[in-house]
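Visitor: Requesting a structural model of the entry that follows:
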Amino acid sequence: MALRSHIRHISFLFIVLVAITYSLPSNAATARFSGAYLREMCSIDKQGREKVPGGFTACQAYISGVVDYHNVLGSLNLAPRVDICIPDGVKMWDLHKTVLIFLNKTHTHDAFVAAPAVTMALHEQYPCAKKRR
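Guide: Predicted coordinates:
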């Protein structure tokens, strides 16, 4: 039990550190994807092609990184309260479209780091089944 408590405290401190880092002036934390930037990288033209050269790769790599990190947290029993369960066989292109649709319909994440928007978009599309008690 003490180990779990210790891990929770470390997790909380990490979250606080991340929050402080991202509240610094933009030139202090320029290596990040905002919601607006991720929308730009994921954008599709009328023919279904990427609007930004290399954008699909950047978009899908970011989404994959968020999913991988989410899975790591889950494997350590540190899964966030907003959980996602992507079924086997779902293609990266499906995740890409899901995130893009979410980013296009809600602009509240434009100026903030995009990871929570990715998680929320995927949770909306791929929620986990609720556990029975």
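
Visitor: What ranges in this structure fall below the confidence cut-off?
Guide: In the predicted model of the chain, residues 1-31, 79-80, 131-133 satisfy pLDDT under 70.

Visitor: any chance you could map the helices in it?
Guide: Per DSSP state H, the chain carries helices over the ranges 2-23, 35-42, 55-75, 92-105, 115-125.

Visitor: can you put these in TSV and add mean neighbour count and distance to residue 82?
Guide: Every residue, glycine included, has its C-beta placed from N, CA and C. What follows is the helices of the chain, written out as TSV (neighbours: other Cβ atoms under 10 Å; distance: least, Cβ to Cβ, whole Å):
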stretch	mean neighbour count	distance to residue 82
helix 2-23	10	14
helix 35-42	21	16
helix 55-75	16	9
helix 92-105	17	13
helix 115-125	20	5
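
Visitor: Any idea which of those helices gets closest to residue 84?
Guide: Residue 84 sits nearest to helix 115-125 of all the helices of the chain, at 4.4 Å, using Cβ to Cβ.

Visitor: contacting residues around that closest one?
Guide: With contacts defined as Cβ atoms under 8 Å, 6 or more residues apart in numbering, helix 115-125 is touched by 33, 35, 38, 62-63, 66-67, 69-70, 80, 82-84, 86, 95, 98-99, 101-103, 106, 109.

Visitor: quick one: it to chain centroid distance?
Guide: Taking Cα atoms, centre = their mean, to the nearest Å, one finds helix 115-125 lying 6 Å from the centre of the chain it belongs to.

Visitor: Let's see stretch 117-127 as PDB, backbone CA atoms only.
Guide: C-alpha atoms of stretch 117-127 as PDB (Å, rounded to 0.1, in the frame of the first residue of the first chain):
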ATOM      1  CA  ALA A 117      -7.600  16.500 -26.600                       C
ATOM      2  CA  VAL A 118      -6.300  13.300 -28.200                       C
ATOM      3  CA  THR A 119      -7.300  11.300 -25.100                       C
ATOM      4  CA  MET A 120     -10.800  12.900 -24.900                       C
ATOM      5  CA  ALA A 121     -11.400  12.300 -28.700                       C
ATOM      6  CA  LEU A 122     -10.400   8.600 -28.400                       C
ATOM      7  CA  HIS A 123     -12.400   8.200 -25.200                       C
ATOM      8  CA  GLU A 124     -15.500   9.600 -26.900                       C
ATOM      9  CA  GLN A 125     -15.100   7.100 -29.700                       C
ATOM     10  CA  TYR A 126     -13.500   4.100 -27.800                       C
ATOM     11  CA  PRO A 127     -14.700   4.200 -24.200                       C
END
